[in-house]
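Asks: Show me how the following folds:
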Amino acid sequence: MLRLAFFAVILAIASACTPTPPAVAPTSQFDTFVTIDLPRIGTIIYADTIYVAGTSNASMEDGFLIQVITANSDVIADGSVQPTDGHWDVQLPHSYTGDPTEITIVASLSDGQTSAELDLASAVLSPEVNRPDGIYGLILQPTNGDTGGGEQIPVFGVVSGLSTGEIVIGLTMGGDEISLATLAIDYPNSLDEIPWQVDLPTEDTTGPVTLTLSYKDETGNLVLLDEIELVLTAVAG
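Replies: Numbering: from 1, shown residues only. As a prediction, the model looks like this:
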């Protein structure tokens, strides 16, 4: 059901979404750079604030503007950001209650006469009522029954409900561990659905295997979130 819920949200916005336009290069008046690192593409924001974080160079110490714009060109959140030691983050409150929509997050700078877009990012904004309950996670790629191979298999998925901690992606055959990857979660808005990805070594294993996604609870025990079956071959599938 969670997998269906995820794709339902994506399908709901697919017809309305347009590709995120490239950022406009800063003009000669602005010897600057700003990079938006979070949210990453694939994030679904359910929280009542939009968390935005990134890096910048020393020339941005006086700050810049972050705006959040819907597919209908409505500005639903904005705020000023002042970096510290090249890093910055901000929580932007919003009151959006409509259908799931693509949002564009714009970092910009103006001197009163000339303005420049410094960087852009995109995500999906959805009311919390659409969010599945509790902690959940999905393996989105590969899918159940797929064939893969080579030295590594790329694994992509999402997780929600964790603001800190670790997720563990494992590859096993007949209960025996082939490879294991641990990814740290450090994202303050635990309601949001955030993407993750990892390349898992196959250790030249061939045959039917199980791919699992788990998280470590407060006691350090692994709690299974999702698992799929696939077949490893000697060459990439």
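
Asks: List the residues that contact residue 187.
Replies: 38, 51, 162-163, 194 (CB atoms under 8 Å, 6 or more residues apart in numbering). Any C-beta I mention is one placed from the backbone N, CA and C, and that applies to glycine too.

Asks: Top of the residues you listed by number of neighbours, please.
Replies: Using other CB atoms under 10 Å as the neighbour criterion, residue 194 leads these with 23 neighbours.

Asks: Please settle this for me: is that one part of a helix?
Replies: No - remark: residue 194 does not belong to a helix; assigned using DSSP: H, G, I helix; E, B strand; the rest coil, it is strand.

Asks: Got the confidence number for it?
Replies: At residue 194, the pLDDT value in this model is 98.

Asks: Give me the domain ranges for the chain.
Replies: Listed domain ranges for the chain are 2-13+22-129, 136-233 (source: automatic domain parsing).

Asks: and the residue located most distally from the centre of the chain, helix, strand or coil?
Replies: The centre of the chain is farthest from one residue, residue 113, which by CA atoms, centre = their mean lies 34.9 Å away. Under three-state DSSP, the three-state class of residue 113 is coil.

Asks: From residue 65, how far out is it?
Replies: For residue 113, the distance to residue 65 equals 15 Å [CB to CB, to the nearest Å].

Asks: With residue 135 instead?
Replies: For residue 135, the distance to residue 65 - CB to CB - is 34 Å.

Asks: Check residue 41 too.
Replies: 21 Å.

Asks: more neighbours, these two?
Replies: The neighbour count for residue 41 versus residue 65, taken as other CB under 10 Å, is higher for residue 65 (15 against 10).

Asks: The more buried one and residue 101: what is the separation?
Replies: 21 Å.

Asks: which stretch in the domains of the chain is the model least sure about?
Replies: It's domain 2-13+22-129: among the domains of the chain, that one has the lowest mean pLDDT, namely a mean of 85.

Asks: Give me the distance from it to the chain's centre.
Replies: Remark: domain 2-13+22-129 is offset 13 Å from the chain centroid, using CA atoms, centre = their mean, to the nearest Å.

Asks: what's the answer for stretch 121-139, then?
Replies: Distance of stretch 121-139 from the chain centroid (CA atoms, centre = their mean) equals 11 Å.

Asks: Between the two ends of it, how far is it?
Replies: 23 Å (CA to CA, to the nearest Å).

Asks: Buried residues, that stretch. List them.
Replies: Judged by neighbour count (16 or more other CB atoms under 10 Å), stretch 121-139 contains these buried residues: 121-126, 131, 136-139.

Asks: cool, stretch 54-62 as well?
Replies: So for stretch 54-62, counting by 16+ other CB under 10 Å, buried means 54-56, 60.

Asks: Now the terminal residues of it, how far apart.
Replies: Span of stretch 54-62 from end to end, CA to CA: 16 Å.
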